[in-house]
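J.: predicted coordinates and the sequence they were generated for:
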Amino acid sequence: MITVNARAVFSPEGPFKSTTIERRDLQPYDVLIEIKYAGICHSDIHTARGEWGQINYPLVPGHEIAGIVARIGSEVTKYAVGDRVGVGCMVDSCRDCEHCRKGDEQYCLSGNTGTYAAIDKYGQYTQGGYSTHIVVTEDFVVRIPNSIGLDVAAPLLCAGITTYSPLRHWGTGPGKRIAVVGLGGLGHMTVKLAHAMGAEVTILSQTLKKKEDGLRMGADHYYATNDPETFKTLVGSFDLIINTVSTNIDISAYISLLALDGTLVNVGAPAEPMSINVFPLILQRRSFAGSTIGGIRETQEMLDFCAAHDIVPEIEVISANRIDEAWERVLASDVRYRFVIDISTMKNE
C-alpha cells in the first residue's frame, strides 16, 4: 500500500483535519497520479455532511483532480510518467453493460464507482482528491491539454463536464436559445460553453449583482429572478434551460419560460424533494429532465473543446488549511467562481 497525506472530515460537522490514507499498490493497468490541484464542488459538501445518504468517516472528498503521472502499472499504454492528467467524478464502472459499452459509464447499470465515498472492486472505500496522490485505472484518467493550466483544469473535471454534457445532448448551437439558472461554479461554465457553441445565452440569477461578470463571460442577456416581471417577460422564450443551482426553486415557474418542445435540465442537486405542476409541461409539450456528468470519452472531448476555444473556469486558489473557510463561503455563495486547493500546501504535513 502507498501512504499519502490528505485532508479529511471525521464527522458530518467537520472540521477538516490532516491525516494519512492508503492507496493501493499499482495493478497492471493503474496510474499513480501526483495531485497538483483539486477543485471544491458543492457535491463534496452535500456528501460529507450526509445530506445524500449515510457516509463512512473519515472521508476525503474531491472529484476535480489535476496532476502529473508519477508511476504506471506494467500494462499501461495510454499514459507515461510526466503526463498531465485529470480524474473526475468516477474511477471505474462495470464496463460491460449497454451504457458502458456506449461510453456512458456515468450511467452504468451496476452503478459507477465514485471517486470518493464508494466501494471499489478491491473492496476498498474510495477517497478523493483532497490528497497528494491517487491511484486510478488508466481507462478512467483523461489527458489535460497543454494549453490549459492544471489549476484551472481541475474544475473542468466536474463543473465543466456536468454542463458540457447536457448542452451537447440537447443540441446546443447556433439558433438555439439557452437560459442558465444561477451564475455559480456550474452556471458560469454553462455560460462560457453555450456561448462558444454559438447559442444565444440568457442568465437567470436572483439579482443583477453579477450582471457585469455574466455579460463578460458571453451571455447575451441577464435577468433577475427576484423581479416578478422577469417571469412575465420571458414566457415561452427558451429552447433549453440548464438549472445549475442546488437549492429548491419553483421549477414550474421556470418551465413556463420554455418554448414549445423546450426542455429544462436539472444539473444542480438539491437535498430536498422538488414539486412540479405538470400543466406547464402538458400545455406546450415541454420536458423536465436531469443530467449528471459525462462519460470518459465525452470528458476528453470537453477538455479538447475548452482548449480549442480558450475556455477555463474562474477560480480562487487556496491552501489546504483554508478548506473549511472555503466550504462556508460556497454555502454563502461567496466565491467567483470555483475554489481550487493547491495540494502542494499539504505535502510536508
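T.: Good, I have the coordinates. Numbers count the residues shown, from 1 in each chain.
J.: now the residue located most distally from the centre of the chain: how far from residue 277?
T.: The centre of the chain is farthest from one residue, residue 283, which by C-alpha atoms, centre = their mean lies 33.0 Å away. Taking C-beta to C-beta, to the nearest Å as the criterion, residue 283 is separated from residue 277 by 11 Å. Every C-beta, even on glycine, is put in place using the N, C-alpha and C of the backbone.
J.: do the same with residue 241
T.: Using C-beta to C-beta, residue 241 is found at 16 Å from residue 277.
J.: again with residue 221
T.: For residue 221, the distance to residue 277 equals 26 Å [C-beta to C-beta].
J.: parallel or antiparallel, list what pairs with the strand or helix carrying residue 19.
T.: Take DSSP states H and E as the rule and residue 19 turns out to sit in strand 16-23. Applying DSSP bridges, strand 16-23 is found paired with strand 2-9 (antiparallel).
J.: and residue 221 and residue 277? Which one has more around it.
T.: Regarding residue 221 and residue 277, a neighbour count based on other C-beta atoms under 10 Å identifies residue 221 as having more, with 16 against 13.
J.: tell me how many other residues crowd the spatially closest residue to that one that is not a sequence neighbour.
T.: Closest residue in space to residue 221, ignoring its immediate chain neighbours: residue 202 at 4.2 Å, by C-beta to C-beta, 6 or more residues apart in numbering. Neighbourhood size, residue 202 [other C-beta under 10 Å]: 23.
J.: could you pull up the residues touching residue 305?
T.: Residues counted as contacts of residue 305 (C-beta atoms under 8 Å, 6 or more residues apart in numbering) are 164, 193, 196, 311.
J.: what about the helices in the protein?
T.: Secondary structure of the chain (DSSP state H): helices at 42-48, 98-101, 150-153, 159-169, 185-196, 211-217, 228-233, 251-255, 279-283, 296-308, 323-331.
J.: and the longest one, C-alpha only, in CSV?
T.: To tie it back to what came earlier, the one meant is helix 296-308. Once non-C-alpha atoms are left out, helix 296-308 reads as follows in CSV (Å, rounded to 0.1, in the frame of the first residue of the first chain):
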residue,chain,number,x,y,z
ILE,A,296,-14.8,9.3,-20.1
ARG,A,297,-14.8,9.8,-23.9
GLU,A,298,-17.1,12.9,-23.6
THR,A,299,-15.0,14.3,-20.8
GLN,A,300,-11.9,14.2,-23.0
GLU,A,301,-13.9,15.8,-25.8
MET,A,302,-14.9,18.6,-23.4
LEU,A,303,-11.3,19.2,-22.4
ASP,A,304,-10.3,19.4,-26.0
PHE,A,305,-13.2,21.7,-26.8
CYS,A,306,-12.2,24.0,-23.9
ALA,A,307,-8.6,24.1,-25.2
ALA,A,308,-9.7,24.9,-28.7
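J.: name the residues of it that come out as buried.
T.: Of all the residues in helix 296-308, those buried under the rule 16 or more other C-beta atoms under 10 Å are 296, 298-303, 305-307.
J.: now it: how far from the chain's centre is it?
T.: Averaging C-alpha coordinates over helix 296-308 and over its chain gives two centres that are 14 Å apart (C-alpha atoms, centre = their mean, to the nearest Å).
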